[in-house]
Every structure is written in C-alpha cells, then in structure tokens.
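Undergrad: Only the shape, not the letters, is given here:
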C-alpha cells in the first residue's frame, strides 16, 4: 500500500466551478500536509501547507485536513483556466535540517483542466 | 531572481555512459535534494543534503551519486545509466531549519536507451 494515494484524474471542469482534489494517507505519524501545483514543463511550487486538522484558506484555495480519517483535500473556488495544472499533495513529519527522521512523501498528482 | 537551475533540461543518452546533471541555487539554502518523477509514482526522493559535505540517501538512491562541495551546487551523477533511470528529475532546495517549503528547479528529462 502506498503511503499517500491520490486520484490521477484527469479532472475536467468548466470555468467557475468548485474543484475538490483529495488524498488519503496511511501513517498517522504524519504531522504536516501540503499542496503543490505543477504546471506543464515546470517544477512543483508550494501552494499551501498546514499542520492541523481543519480548514486553511488562502484566496480561492482552501486546504482541509481530517487526521482522524487520514484524508486531505484542496478546494478551488471560482476555478480559472490558469488553474489548469497537476496538483500534488504531500505529507510529512520531522523538521528539515533539524530531525534525522524528517520525511516528506508526495502523492502522484491529479491533473486538472479548467475549460473556458 | 531567486531560483534553482538545472542543466541540461533534456538529455538522451545510452546505457552505461556516465552523465552528470547539475543543480545550482542562488538563495543560500542549506538543504538540497534530488527527486525523480514517474507516472503513477509521484515524486520520489533520491538523495538529499543537509549542508556542505553532508549527504544522505533518500528512498530510491540505487544507481545514483551526489556531492555537495559548495553550498549552492548539488550535482546528480549517474555512473552507469540504465533504461530504468529514464525519468523526469527535479532538484529542490529549502531555506532554513524548520522550513518546509521546497523550491524546485524546472526539471531534467532524461532518456536512457
């Protein structure tokens, strides 16, 4: 079983739709949760990260974490064609440069297409 | 401009021919790392470096070497490439202790025939 599972898509939605992207993870030790966005032919870029269960908003983006279910989501409101990209979830524990146990696991990504 | 650069961006080579992919960052980051990205498998860490002269294996280190002689550079070396190393490779760096944000380079698409 993979440590992080993510539906590969592609997910195609019309402009203005609300998008829901999801990941499940298997290890309850994971402490922090991230979403990266990767445009075609580019490296991933960090979109949001959170440490706790609940919701975190940033503009049109909301990251939601349910630690009891080991389930994380990214919601995009009023989706735009410029949101078309692959979205990678990532889960981790430890602190980079401080903990030898530092670990970050990426999902395989969900490809999103927002149609004009 | 703050960035991570990788060279080459595209490379086609033959089995067994040694190659090096360079990675450089201009942000004075201490932590650097190499990943490979394969369809359905996501990003998997190959090697990472906490600081100059400090490197360690990630999840898929077999067939790869790295070095960190200077803070800004972290080259990935394939001594004897094989077709199963055909992949998209990303270098990444992080700012400081406790920082979870990694800055990724643009990627190097490697094909080994």
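TA: In hand now; what should we look at? Only a predicted model underlies this, so the values are computations on that prediction, with no experimental measurement involved. Numbers count the residues shown, from 1 in each chain, chains lettered A, B, ... in the order given.
Undergrad: Single out the residue in chain B that lies closest to chain A.
TA: residue B:104 (3.1 Å; C-beta to the nearest C-beta). Quick note: C-beta positions are derived from backbone N, CA and C, even for glycine.
Undergrad: so who does that residue touch?
TA: Contacts here follow C-beta atoms under 8 Å, 6 or more residues apart in numbering or on different chains; on that basis residue B:104 touches A:43-45, B:4, B:90-92.
Undergrad: again, but for residue A:74
TA: When contacts are counted by C-beta under 8 Å, 6+ apart, residue A:74 is found next to A:19-22, A:35, A:47-48, A:61-64, A:87, A:89.
Undergrad: And those, which of them are buried?
TA: Neighbour counting by 16 or more other C-beta atoms under 10 Å in any protein chain shown classes A:19, A:21-22, A:35, A:47-48, A:61-64, A:87, A:89 among the contacts of residue A:74 as buried.
Undergrad: any chance of those in JSON lines, plus distance to chain B?
TA: As requested, the buried ones among the contacts of residue A:74 are arranged in JSON lines below (distance: C-beta to the nearest C-beta, whole Å):
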{"residue": "A:19", "distance to chain B": "20"}
{"residue": "A:21", "distance to chain B": "14"}
{"residue": "A:22", "distance to chain B": "15"}
{"residue": "A:35", "distance to chain B": "12"}
{"residue": "A:47", "distance to chain B": "10"}
{"residue": "A:48", "distance to chain B": "11"}
{"residue": "A:61", "distance to chain B": "16"}
{"residue": "A:62", "distance to chain B": "19"}
{"residue": "A:63", "distance to chain B": "13"}
{"residue": "A:64", "distance to chain B": "18"}
{"residue": "A:87", "distance to chain B": "12"}
{"residue": "A:89", "distance to chain B": "9"}
